[in-house]
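Q: Using only what follows, build the 3D model:
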Amino acid sequence: GPLVVAAAGATAFGALAFLERRGFWRCASRATTLRGIGLAGAATVPFAAVAIGVDAAVGFPSDTNVAWPQAWLLYPVIAVVAEAALHVLPLSGLVWLTRSRFDDPRLDRRTWVLVLTAAAVEPVAQALLGSALLPFVVPHVFLIGVVELLLLRRFGYVPMVAFRLFYYLAWHVLWGEARLALLF
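A: Purely as a prediction, here's the structure:
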(Lines give C-alpha, C1' and ligand atoms only; values in the text may rest on other atoms or scores of the structure.)
Protein backbone atom coordinates (compact mmCIF):
# COMPACT_ATOMS: atom_id res chain seq x y z
CA GLY A 1 0.00 0.00 0.00
CA PRO A 2 0.99 3.56 0.69
CA LEU A 3 3.89 2.51 2.95
CA VAL A 4 5.47 0.50 0.14
CA VAL A 5 5.21 3.48 -2.21
CA ALA A 6 6.66 5.83 0.40
CA ALA A 7 9.50 3.42 1.17
CA ALA A 8 10.23 2.93 -2.55
CA GLY A 9 10.25 6.68 -3.10
CA ALA A 10 12.54 7.37 -0.15
CA THR A 11 14.90 4.57 -1.10
CA ALA A 12 14.98 5.69 -4.73
CA PHE A 13 15.70 9.26 -3.62
CA GLY A 14 18.75 8.07 -1.66
CA ALA A 15 19.91 5.80 -4.49
CA LEU A 16 19.50 8.60 -7.05
CA ALA A 17 21.48 10.98 -4.83
CA PHE A 18 24.24 8.34 -4.60
CA LEU A 19 24.24 7.85 -8.40
CA GLU A 20 24.40 11.61 -8.91
CA ARG A 21 27.36 11.92 -6.53
CA ARG A 22 29.12 9.18 -8.51
CA GLY A 23 28.39 11.05 -11.74
CA PHE A 24 26.12 8.45 -13.36
CA TRP A 25 23.53 11.15 -13.98
CA ARG A 26 23.19 14.85 -13.33
CA CYS A 27 20.19 17.06 -12.70
CA ALA A 28 19.54 18.38 -16.17
CA SER A 29 18.46 21.82 -17.26
CA ARG A 30 14.78 22.34 -17.93
CA ALA A 31 15.40 22.26 -21.69
CA THR A 32 17.36 19.00 -21.46
CA THR A 33 14.71 17.44 -19.25
CA LEU A 34 11.95 18.46 -21.66
CA ARG A 35 13.97 17.10 -24.60
CA GLY A 36 14.38 13.85 -22.65
CA ILE A 37 10.65 13.64 -21.94
CA GLY A 38 9.95 14.14 -25.65
CA LEU A 39 12.45 11.44 -26.54
CA ALA A 40 10.92 9.15 -23.91
CA GLY A 41 7.49 9.66 -25.43
CA ALA A 42 8.75 8.93 -28.94
CA ALA A 43 10.72 5.88 -27.77
CA THR A 44 7.60 4.49 -26.12
CA VAL A 45 5.68 4.23 -29.38
CA PRO A 46 7.44 1.18 -30.89
CA PHE A 47 7.50 -0.67 -27.56
CA ALA A 48 3.79 -0.13 -26.97
CA ALA A 49 2.94 -0.93 -30.60
CA VAL A 50 4.83 -4.23 -30.45
CA ALA A 51 3.21 -5.19 -27.11
CA ILE A 52 -0.25 -4.37 -28.46
CA GLY A 53 0.47 -6.29 -31.66
CA VAL A 54 1.63 -9.36 -29.75
CA ASP A 55 -1.41 -9.15 -27.51
CA ALA A 56 -3.79 -8.84 -30.47
CA ALA A 57 -2.09 -11.74 -32.30
CA VAL A 58 -1.31 -14.14 -29.45
CA GLY A 59 -3.12 -12.79 -26.43
CA PHE A 60 -2.07 -12.11 -22.88
CA PRO A 61 -4.36 -13.32 -20.09
CA SER A 62 -7.33 -11.11 -19.19
CA ASP A 63 -5.81 -10.26 -15.80
CA THR A 64 -2.83 -8.57 -17.47
CA ASN A 65 -4.56 -5.21 -17.09
CA VAL A 66 -6.59 -3.49 -14.40
CA ALA A 67 -9.78 -1.85 -15.62
CA TRP A 68 -10.67 1.82 -15.36
CA PRO A 69 -10.96 3.83 -13.16
CA GLN A 70 -8.45 1.99 -10.92
CA ALA A 71 -5.90 1.81 -13.76
CA TRP A 72 -5.49 5.59 -13.78
CA LEU A 73 -4.16 5.54 -10.21
CA LEU A 74 -2.56 2.11 -10.04
CA TYR A 75 -0.15 2.30 -12.97
CA PRO A 76 1.53 5.61 -12.05
CA VAL A 77 2.16 4.19 -8.57
CA ILE A 78 3.53 0.96 -10.05
CA ALA A 79 5.80 3.04 -12.33
CA VAL A 80 7.45 4.78 -9.38
CA VAL A 81 7.86 1.57 -7.39
CA ALA A 82 9.12 -0.39 -10.41
CA GLU A 83 11.73 2.20 -11.32
CA ALA A 84 12.96 2.30 -7.73
CA ALA A 85 13.03 -1.44 -7.08
CA LEU A 86 13.93 -2.75 -10.52
CA HIS A 87 16.32 -0.14 -11.91
CA VAL A 88 17.54 2.60 -9.58
CA LEU A 89 18.33 0.35 -6.60
CA PRO A 90 20.03 -2.41 -8.62
CA LEU A 91 22.06 0.14 -10.56
CA SER A 92 23.15 1.97 -7.41
CA GLY A 93 24.08 -1.36 -5.83
CA LEU A 94 26.21 -2.26 -8.84
CA VAL A 95 27.86 1.16 -8.85
CA TRP A 96 28.58 0.80 -5.13
CA LEU A 97 29.96 -2.75 -5.51
CA THR A 98 32.21 -1.78 -8.40
CA ARG A 99 33.17 1.56 -6.80
CA SER A 100 32.49 3.14 -10.16
CA ARG A 101 32.72 6.86 -10.81
CA PHE A 102 31.51 8.52 -13.96
CA ASP A 103 33.55 11.59 -14.76
CA ASP A 104 33.06 11.19 -18.51
CA PRO A 105 29.50 11.49 -19.88
CA ARG A 106 30.22 9.08 -22.73
CA LEU A 107 28.92 5.52 -22.66
CA ASP A 108 32.07 3.49 -22.09
CA ARG A 109 32.22 -0.29 -21.76
CA ARG A 110 31.90 -0.23 -17.98
CA THR A 111 28.78 1.93 -18.19
CA TRP A 112 27.23 -0.46 -20.71
CA VAL A 113 27.98 -3.45 -18.47
CA LEU A 114 26.31 -1.74 -15.51
CA VAL A 115 23.30 -0.63 -17.56
CA LEU A 116 22.81 -4.06 -19.15
CA THR A 117 23.19 -5.84 -15.81
CA ALA A 118 20.77 -3.52 -14.00
CA ALA A 119 18.30 -3.77 -16.90
CA ALA A 120 18.31 -7.57 -16.53
CA VAL A 121 16.77 -7.43 -13.04
CA GLU A 122 13.20 -6.78 -14.18
CA PRO A 123 13.02 -9.49 -16.88
CA VAL A 124 14.53 -12.01 -14.45
CA ALA A 125 11.85 -11.05 -11.92
CA GLN A 126 9.18 -11.42 -14.63
CA ALA A 127 10.52 -14.88 -15.49
CA LEU A 128 10.62 -15.96 -11.85
CA LEU A 129 7.05 -14.74 -11.38
CA GLY A 130 6.00 -16.81 -14.38
CA SER A 131 4.73 -13.97 -16.55
CA ALA A 132 2.71 -14.92 -19.59
CA LEU A 133 4.44 -15.10 -22.99
CA LEU A 134 7.95 -15.18 -21.52
CA PRO A 135 9.70 -15.47 -24.92
CA PHE A 136 8.26 -12.03 -25.70
CA VAL A 137 8.18 -10.46 -22.24
CA VAL A 138 11.79 -11.13 -21.21
CA PRO A 139 13.57 -9.43 -24.14
CA HIS A 140 10.88 -6.72 -24.36
CA VAL A 141 11.17 -5.76 -20.70
CA PHE A 142 14.97 -5.98 -20.88
CA LEU A 143 15.10 -3.51 -23.78
CA ILE A 144 12.69 -1.19 -21.96
CA GLY A 145 15.06 -1.24 -18.98
CA VAL A 146 18.04 -0.43 -21.18
CA VAL A 147 16.23 2.54 -22.71
CA GLU A 148 15.12 3.80 -19.30
CA LEU A 149 18.61 3.58 -17.81
CA LEU A 150 20.09 5.34 -20.83
CA LEU A 151 17.47 8.07 -20.41
CA LEU A 152 18.52 8.38 -16.76
CA ARG A 153 22.17 8.63 -17.75
CA ARG A 154 21.65 11.28 -20.42
CA PHE A 155 18.53 13.22 -19.39
CA GLY A 156 17.84 12.45 -15.72
CA TYR A 157 15.24 10.74 -13.59
CA VAL A 158 12.13 12.53 -14.87
CA PRO A 159 12.52 11.35 -18.50
CA MET A 160 13.27 7.85 -17.23
CA VAL A 161 10.01 7.71 -15.28
CA ALA A 162 8.20 9.51 -18.12
CA PHE A 163 9.09 6.63 -20.45
CA ARG A 164 7.44 4.12 -18.12
CA LEU A 165 4.44 6.38 -17.57
CA PHE A 166 3.95 6.83 -21.34
CA TYR A 167 4.35 3.08 -21.86
CA TYR A 168 1.88 2.25 -19.09
CA LEU A 169 -0.56 4.82 -20.46
CA ALA A 170 -0.48 3.23 -23.92
CA TRP A 171 -0.19 -0.45 -22.96
CA HIS A 172 -1.90 -0.86 -19.60
CA VAL A 173 -4.36 2.03 -19.39
CA LEU A 174 -5.61 2.82 -22.92
CA TRP A 175 -5.04 -0.54 -24.63
CA GLY A 176 -5.76 -2.30 -21.35
CA GLU A 177 -9.30 -0.94 -21.27
CA ALA A 178 -9.81 -1.55 -25.00
CA ARG A 179 -8.48 -5.12 -24.84
CA LEU A 180 -10.79 -6.04 -21.99
CA ALA A 181 -13.74 -4.97 -24.15
CA LEU A 182 -12.42 -6.31 -27.47
CA LEU A 183 -10.71 -9.56 -26.52
CA PHE A 184 -12.68 -10.80 -23.51
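Q: next helix or strand past the helix or strand encompassing Val113?
A: Using DSSP states H and E, Val113 maps to helix 109-119. Heading C-terminal from helix 109-119, the first helix or strand you meet, by DSSP H and E, is helix 121-128.
Q: Okay, now the unreliable bits of this protein?
A: 1 (pLDDT under 70).
Q: How much space separates the residue of it most remote from its centre from Thr32?
A: Distance from the C-alpha centroid of the chain peaks at Phe184, with 27.6 Å (Cα atoms, centre = their mean). With distances taken as Cβ to Cβ, to the nearest Å, Phe184 is found 43 Å from Thr32. Any C-beta I mention is one placed from the backbone N, CA and C, and that applies to glycine too.
Q: same question, Val54
A: Applying Cβ to Cβ, the value for Val54 to Thr32 is 33 Å.
Q: Show me what stretch 15-23 is in contact with.
A: 25-27, 84, 88-89, 91-92, 95-96, 100-103, 152, 157 (Cβ atoms under 8 Å, 6 or more residues apart in numbering).
Q: related to what we said a few turns ago, can you tell me which residues contact the spatially closest residue to the residue farthest from the centre of the chain that is not a sequence neighbour?
A: Of all residues not flanking Phe184 in the chain, Ser62 sits nearest, at 4.7 Å (Cβ to Cβ, 6 or more residues apart in numbering). The contact partners of Ser62, by Cβ under 8 Å, 6+ apart, come to Leu180, Leu183, Phe184.
Q: how about the helices of this protein, start to end?
A: 2-21, 30-57, 70-83, 89-98, 109-119, 121-128, 134-155, 157-168, 175-183 (DSSP state H).
Q: May I see these organised as CSV, with mean neighbour count added?
A: What follows is the helices of the chain, written out as CSV (neighbours: other Cβ atoms under 10 Å):
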stretch, mean neighbour count
helix 2-21, 14
helix 30-57, 16
helix 70-83, 16
helix 89-98, 18
helix 109-119, 17
helix 121-128, 16
helix 134-155, 19
helix 157-168, 23
helix 175-183, 15
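Q: Correct me if wrong: Arg179 contacts Asn65.
A: Yes: counting by Cβ atoms under 8 Å, Arg179 touches Asn65, with 6.5 Å between them.
Q: re the thing from before, between the contacts of stretch 15-23, which sits nearest Tyr167?
A: The closest of those to Tyr167 turns out to be Leu152 (Cβ to Cβ; 15.0 Å).
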